[in-house]
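>>> got a sequence here, can you build the structure:
(one chain, ligands or ions: 1)
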Amino acid sequence: MKTIAELEAKLAEPSADLIHDLKSVDGDILILGVGGKMGPSLAKLAINAIREGGLNKRVIGVSRFSDEGTRRDLEGAGVETISCDLLNDRELQNLPESRNIMYMAGNKFGTTGREHFIWAMNAYLPGRVAEKYRNSRIVVFSSGNVYPLSPVGSGGAHEGIAPAPVGEYAQSCLGRERVFEYFARLHGTPMVMFRLNYAIDMRYGVLLELAKSVWEGRPVDLTMGHANVIWQGDANEMALRCLTKCTNPPSVINVTGPETLSIRFAAGEFARRMGKEVIFHGLESETALLSNASRSHQWFGYPRVSLLKMIEWVSDWVQAGGVIWNKPTHFQEREGKF
Ligand SMILES: NC(=O)c1ccc[n+]([C@@H]2O[C@H](COP(=O)([O-])OP(=O)(O)OC[C@H]3O[C@@H](n4cnc5c(N)ncnc54)[C@H](OP(=O)(O)O)[C@@H]3O)[C@@H](O)[C@H]2O)c1
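Okay, the predicted model is just below:
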């Protein structure tokens, strides 16, 4: 893949399973927080699945659209858009009803010093949204950050492990889940808590950050020596398919790739492909932020894009000087300070 157009097309290729699942889901799909890294490709994936399946559904994307280009791009793809600041309750209440809600709005960076805002965004707003959309089914984007760091040999935290979030961002993510769950139980709203760990495409993510370090000859920090990654297209597929898995009380699902990825291995692979030497800094810790996503693989099958395919695509992209976003993951952070 060499161009943004090719990348976007790949991200928006629906599987037969997604088309099949969406046939059994009644009503339109409303995506709250569509304007970020994942929302545009999720919306376009939904549109393509609906077209290919001959389904009668609208996809409506809601965001502030800080980036007007994103809005134009979505409209061009057949996604209806509504500009809305969800924290403005009048604007929220004016949004249309919809049977299906993908809740993707959130805030992570700049947390330190603005803790009040993070809590309003990640834990108060969910209550307003859960009240407004009590008659819908809701897929709640959450994070693997709700878990404590796990021993690297453990295979990662599974859904039965009690959350123990490190730092206020991660705590507010658990707050988001708990507040949604409270209103789900109050109103009988079916939901899934979608605990995602590090979606990637070529423009952002853990693999891009490693590839850039290797390409630019900067040291790779091994202190957070392991991570989980998943191709954004696969994560978006699973998120949409979760509309068939919404239950009350809410289900919880970890979503990421099957590997406990060694950062040393990934950096080494980039170096080999790029003809570079890696400079490592520090040593692997005994723990890392890791999720065990076996249940999601049982539900939906393994991701379609393998780890080595992601490494190959990201490596080629970086060497070709492809467009990247300045949206670092800070996956190395062990104290939860974002
Ligand atoms: N990407 C990952 O690897 C990852 C991992 C774990 C969890 N997650 C979670 O999954 C969700 C989607 O991920 P993402 O990477 O696409 O997140 P993202 O890039 O932060 O996108 C979320 C979008 O929500 C919109 N938004 C924020 N505040 C809003 C408000 N007050 N009103 C309306 N829209 C608002 C913003 O777009 P506008 O500026 O246009 O409003 C923002 O770009 C997020 O909740 C994230 O926390 C993602």
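>>> residues in contact with the helix or strand in which Arg295 is found: which ones?
Taking DSSP states H and E as the definition, Arg295 sits inside helix 294-300. With CB atoms under 8 Å, 6 or more residues apart in numbering as the test, helix 294-300 has contacts from 17, 158-159, 237-238, 241, 245, 253-256, 258. From N, CA and C alone the C-beta is placed, and that goes for glycine too.
>>> Cys242 reaches Met193, doesn't it?
No. With contact defined as CB atoms under 8 Å, Cys242 does not count as touching Met193 (9.4 Å).
>>> which neighbours do the two have in common?
Here Cys242 and Met193 have Ile253 as joint contacts, going by CB under 8 Å, 6+ apart.
>>> quick one, phi/psi of the closest residue to the ligand within the chain?
At 1.8 Å from the ligand, Gly36 is the closest residue in the chain, using CB to the nearest ligand atom. When read as degrees, to the nearest 10, the backbone of Gly36 gives phi -90, psi -150.
>>> what's the burial count for it?
Neighbourhood size, Gly36 [other CB atoms under 10 Å]: 17.
>>> leaving out chain neighbours, which residue sits closest to it?
Nearest residue to Gly36 in three dimensions, chain neighbours excluded: Met104, at 6.5 Å (CB to CB, 6 or more residues apart in numbering).
>>> what residues are up against the one you found?
31-34, 36, 38-39, 42, 141.
>>> please state the offset of the worst-scoring helix or strand of the chain on mean pLDDT from the chain centre?
Scoring the helices and strands of the chain by mean pLDDT, DSSP states H and E places helix 115-119 at the bottom, with a mean of 93. Distance of helix 115-119 from its chain centroid, counting by CA atoms, centre = their mean, to the nearest Å, is 20 Å.
>>> give the buried residues for the helix or strand following it.
Once the chain leaves helix 115-119, the next helix or strand it forms, by DSSP H and E, is helix 125-132. For helix 125-132, the buried set under the neighbour-count rule, 16 or more other CB atoms under 10 Å, comprises 125-130, 132.
>>> Glu177: which of these is nearest?
Pro126 (8.2 Å; CB to CB).
>>> that closest one touches Ser142, doesn't it?
No. Contact criterion CB under 8 Å: Pro126 and Ser142 do not qualify, at 10.0 Å.
>>> shared neighbours, those two?
Common neighbours of Pro126 and Ser142, using CB under 8 Å, 6+ apart, are Arg176.
>>> which residues does the nearest residue to Ile31 once chain neighbours are set aside bridge with?
Leaving out its chain neighbours, the residue that sits closest to Ile31 by CB to CB, 6+ apart is Met102, at 4.5 Å. Beta-bridge pairing of Met102 under DSSP bridges involves Ile31, Val139.
>>> related to what we said a few turns ago, now the residue nearest to Gly36: phi and psi?
Dihedral angles for Met104 - degrees, to the nearest 10 - are phi -120, psi 0.
>>> how far away is it from Gly153?
33 Å (CB to CB, to the nearest Å).
>>> cool, Gly106 as well?
With CB to CB as the criterion, Gly106 and Gly153 are 31 Å apart.
>>> ok, those two, which is more surrounded?
Taking neighbours as other CB under 10 Å, Gly106 and Gly153 compare with Gly106 leading, 20 against 9.
>>> quick one: the more buried one and Ala123 touch, right?
No. Using CB under 8 Å as the test, Gly106 is too far from Ala123 to be in contact (10.4 Å).
>>> shared neighbours, those two?
Overlap between the neighbourhoods of Gly106 and Ala123 consists of Arg176, taking contacts as CB under 8 Å, 6+ apart.
>>> enumerate the residues of the protein near the ligand.
Applying CB under 6 Å from any ligand atom, we find that the chain lies next to the ligand at 33, 35-39, 63-66, 84-87, 104-106, 108, 141, 143, 196, 198-199.
>>> give me the mean pLDDT for whichever strand or helix holds Gly69.
Assigned by DSSP H and E, Gly69 belongs to helix 68-76. Averaged across helix 68-76, the pLDDT comes to 97.
>>> low-scoring stretches of the stretch 101-250 of the chain, by residue?
110-111 (pLDDT under 70).
>>> would you map the helices across it?
Counting by DSSP state H, counting those that start in this stretch, the stretch 101-250 of the chain has helices at residues 115-119, 125-132, 168-187, 206-216, 232-241.
>>> now, of these, which is deepest in the fold?
Mean neighbour count (mean count of other CB atoms under 10 Å) peaks for helix 232-241 among the helices of the stretch 101-250 of the chain, with a mean of 25.
>>> residue contacts, the closest residue to Asn100 other than its chain neighbours?
Nearest non-adjacent residue to Asn100, counting by CB to CB, 6+ apart: Ile29, 4.6 Å away. By CB under 8 Å, 6+ apart, the contact set of Ile29 is 46, 57-60, 98, 100, 102, 240, 243.
>>> can you add distance to Gly321 and give those back as a markdown table?
Converted to a markdown table, those look like this (distance: CB to CB, whole Å):
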| residue | distance to Gly321 |
| --- | --- |
| Ala46 | 31 |
| Lys57 | 39 |
| Arg58 | 38 |
| Val59 | 33 |
| Ile60 | 36 |
| Ser98 | 41 |
| Asn100 | 39 |
| Met102 | 33 |
| Leu240 | 32 |
| Leu243 | 38 |
